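Participant: Give me the fold of what follows.
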Amino acid sequence: MAIHPDMAAEQAYIDRAYACLEQARTSAARLKGMVEVGKGGTEQARFEREVIFDTVVHRLQDLNLGNAALLFGRIDLEQEVGAETFYIGRLAVSDENQEPVVVDWRAPVAEPFYRATGRVPMGLARRRYFSTRGRQLLGIEDELFGEHALDLGEGAGLQGHGSLIRALETARTGRMGDIVATIQGEQDEIIRAPLPGVMVVQGGPGTGKTVVALHRAAYLLYTHRFPLEDQGVLVIGPNRLFLAYIEQVLPSLGEAGVELAVLADLVEGVRVKGRDNDAVARLKGHAVMSKILAKAVRDRKRALRRPLRVGVGLQTLALSVATSEEIVRDARRRYHHHNAGRRFVEREVAFHLAESARQPLDPNELWRQIRREPSVRAALEEMWPVLTPAQLLHDLFGSKALLHLAAGRKVSEREIDLLYRQREASADNVVWTHDDVPLLDEARALLGPKPRKVKRDEDEIRTYGHIVVDEAQDLSPMQLAMIARRSLNGSLTVVGDIAQSTGAWAHADWNEILSLLPSRREPRREELTVGYRIPGPNMDLAARVLAVSAPELTPPRSVRQDGRKPVVVRVDWESDLASALVNAVLDEVAAVESGNVAVICPASRLSDCSEALSAAGIDHGVAIEQGLNHQVTVVPVGIVKGLELDATVVVDPAAIIAEEAQGMRALYVALTRATKLLTIVYVGDLPEVLASDDPDDQPVGAFSV
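Facilitator: This is a model prediction of the structure:
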């Protein structure tokens, strides 16, 4: 293979860039040592030192690349533009004279590196890609524009085709990596889109929608450092396995301050575990629950059933039922949040009790005397109790009478039975499900914080300047309302794939989702159409399932059309399934060498698959317990969405179809996780959707054991 004539010169430039980076790191470390953050001086001086210290520490974090590449390539501008050359990299680096050595990939001048095409060269004469391992330059790939342009052949339409393919074929590590060196034009357009409003990104499997959304968060923080650094950026994922999978992407791009969360993380003070069955989950996710909860809160604001009488000295003070009704009515009108009205009710009760005395009494002094009286406390709890979200839901779900009162005719008797559950001794003892989380949050929004002398930050619902929502196609109206509540200004990036809607609230189109999100501006819609991750043969098989599960959608166009066809292994007897699974796993481990392998199975077979691998002596993990920290991992199909593996073994597709709420879509998800090899192991008959009458369209290796 011929060596590029500029290899030595470009390696020397890379070495110089790393030397400048090291010098910047040394200077930042020296400055850190000079900044004393202590107790001395004025409060203003201490504040200024802390700001400088935090800035220096943040800069040191930015400059620590680890094994990540510093430079990706360079762009050469045409003579008419100025004939300048810019080297594009992970972060900006300057020399001792503050002249740029490396331009941050997010800077405006770097945009042509990702967006220029033969038809729209954006002022480029040449674009050069570097293939590196650490600091070592392995190869150079050039693209010429204008009169020097060449026929790009196989890679036409793709930026840096060779570098892209090498990146795609790199073994997976169990953590998502960044794509900053190989961002394609359609991806970059989404990444650099304006901040305001809601952007929806529809993308099929392997199109890079998740990593594009994360790069967009990094780009927005760079471009809108103020105000986003203070307002915060939140990334919401579908489960903790997914968060663990993506957690290194933003730090690798120099943005460690972004908050990653599942929805349960946004509700404090409760324990959350497991999920409800589909019928209960769908009901709890319905928008009608907001009306039921609002009525449940209103039902806790009520007049006394009998007059309150309190002995004070030699006299008895009284509060009539009619007066208590006036107090409650007045408090309802004054206060938007339930708990905020408690102090008003207390003051009014004290005032009217004082008025009932034979001689004038000071209401404030009277209140200090009687506030701990059992009869007074009981009356206040009857009229206007202070409630936590957990207490409200615990009381509501534990009483059919309260459920009937709150629900009225909004839901059926059967649905009230679905919501009812046995009361615990205390709301603190309840373990809530993930489907309860948006209801707890709705209750929090209705109740407001408890009355306190000193307000605590955690009492307020935190809002963010930008929110990224992944796998949004499965979110219920109540979950979407929870997300909208945290948007400071209506700026969101929402990504997903309607074809992969598999939950109890699978949506038919994006209009349903957009109708439940902030609408201050007209939403923007983008679609990623190129599949970078999934080999063509695997996508061809998955496309058969897509044609049934979502016939209105077009499968992504795979960049890599080569690769092994999926292997199908059939066994006649249930007892033979374990050995077939073990053999398939061993074959794939041998084929991908250091790459990772996932066994994707229906939830009912999770234990059986793990036990089969253990019996064969295959070291492995179970995703719900160990994440993707083993080379071989058993993953239930319900949480595999969004992950990418080198090789997958899909077990019992018929059971996946039968057990999942959206069975066909769940199977589509399972078949589209592998970047290289796909094997299907099953007993009995192959689901009709995977079979084909065309011999040329059959998966290879189909045989019986």
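Participant: which stretches of the stretch 201-350 of the chain form helices?
Facilitator: 209-223, 225-231, 240-246, 249-252, 278-285, 288-299, 321-334, 342-355 (DSSP state H, counting those that start in this stretch).
Participant: how distant is the third one from the center of its chain?
Facilitator: Right, the one you point to is helix 240-246. 9 Å (C-alpha atoms, centre = their mean, to the nearest Å).
Participant: likewise stretch 234-241?
Facilitator: 3 Å.
Participant: which outside residues touch it?
Facilitator: Identification of contacts with stretch 234-241 by C-beta atoms under 8 Å, 6 or more residues apart in numbering yields 213-214, 217, 243, 246, 250, 258-263, 464, 466-471, 474, 483, 486, 623-624, 627-628, 635, 639, 641-643. Yep, even glycine has a C-beta here, placed from its N, CA and C like the rest.
Participant: Now, those residues that are in strands?
Facilitator: 259-261, 466-469, 635 (DSSP state E).
Participant: What's the local residue count around Asp278?
Facilitator: 15 (other C-beta atoms under 10 Å).
Participant: pretty sure it is in contact with Thr502, am I right?
Facilitator: No - look at Asp278 against Thr502 with C-beta atoms under 8 Å: they stay out of range, at 10.8 Å.
Participant: Tell me the residues that contact both of these two, please.
Facilitator: Counting by C-beta under 8 Å, 6+ apart, the residues touching both Asp278 and Thr502 are Ala661.
Participant: which of the contacts of stretch 234-241 count as buried?
Facilitator: Among those, those classed as buried by 16 or more other C-beta atoms under 10 Å are 213-214, 217, 243, 246, 250, 258, 260, 262-263, 464, 466-471, 474, 483, 486, 623-624, 627-628, 635, 639, 641-643.
Participant: ok so, going back, including distance to Asn538, could the helices of the stretch 201-350 of the chain go into TSV?
Facilitator: TSV is the format used below for the helices of the stretch 201-350 of the chain (distance: least, C-beta to C-beta, whole Å):
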stretch	distance to Asn538
helix 209-223	18
helix 225-231	38
helix 240-246	20
helix 249-252	24
helix 278-285	29
helix 288-299	40
helix 321-334	60
helix 342-355	60
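Participant: Quickly compare these and say which is most buried.
Facilitator: A comparison of these by mean neighbour count, using mean count of other C-beta atoms under 10 Å, puts helix 209-223 on top with a mean of 23.
Participant: The closest residue to Lys295 other than its chain neighbours: helix or strand, and which one exactly?
Facilitator: For Lys295, ignoring the flanking residues on the chain, the nearest one in space by C-beta to C-beta, 6 or more residues apart in numbering is Ala406 at 4.4 Å. Assessed by DSSP states H and E, Ala406 sits inside helix 400-407.
Participant: pLDDT averaged over that helix - what is it?
Facilitator: The average pLDDT for helix 400-407 rounds to 96.
Participant: mind listing what the closest residue in space to His338 that isn't next to it in sequence touches?
Facilitator: Using C-beta to C-beta, 6+ apart and skipping the chain neighbours, the partner closest in space to His338 is Leu447 (4.7 Å). Contacts here follow C-beta under 8 Å, 6+ apart; on that basis Leu447 touches 297, 337-339, 387-389, 392.
Participant: Are any of those buried, and if so which?
Facilitator: 297, 338-339, 387-389, 392.
Participant: Determine which two of the residues you listed are furthest apart.
Facilitator: Largest separation among the buried ones among the contacts of Leu447 by C-beta to C-beta: Val297 and Thr388, giving 12.2 Å.
Participant: if we can go back for a sec, would you format the contacts of Leu447 as a markdown table with distance to Leu492 and pLDDT included?
Facilitator: Converted to a markdown table, those look like this (distance: C-beta to C-beta, whole Å; pLDDT from 0 to 100):
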| residue | distance to Leu492 | pLDDT |
| --- | --- | --- |
| Val297 | 28 | 98 |
| His337 | 25 | 95 |
| His338 | 28 | 97 |
| Asn339 | 29 | 96 |
| Leu387 | 30 | 96 |
| Thr388 | 29 | 96 |
| Pro389 | 24 | 97 |
| Leu392 | 28 | 97 |
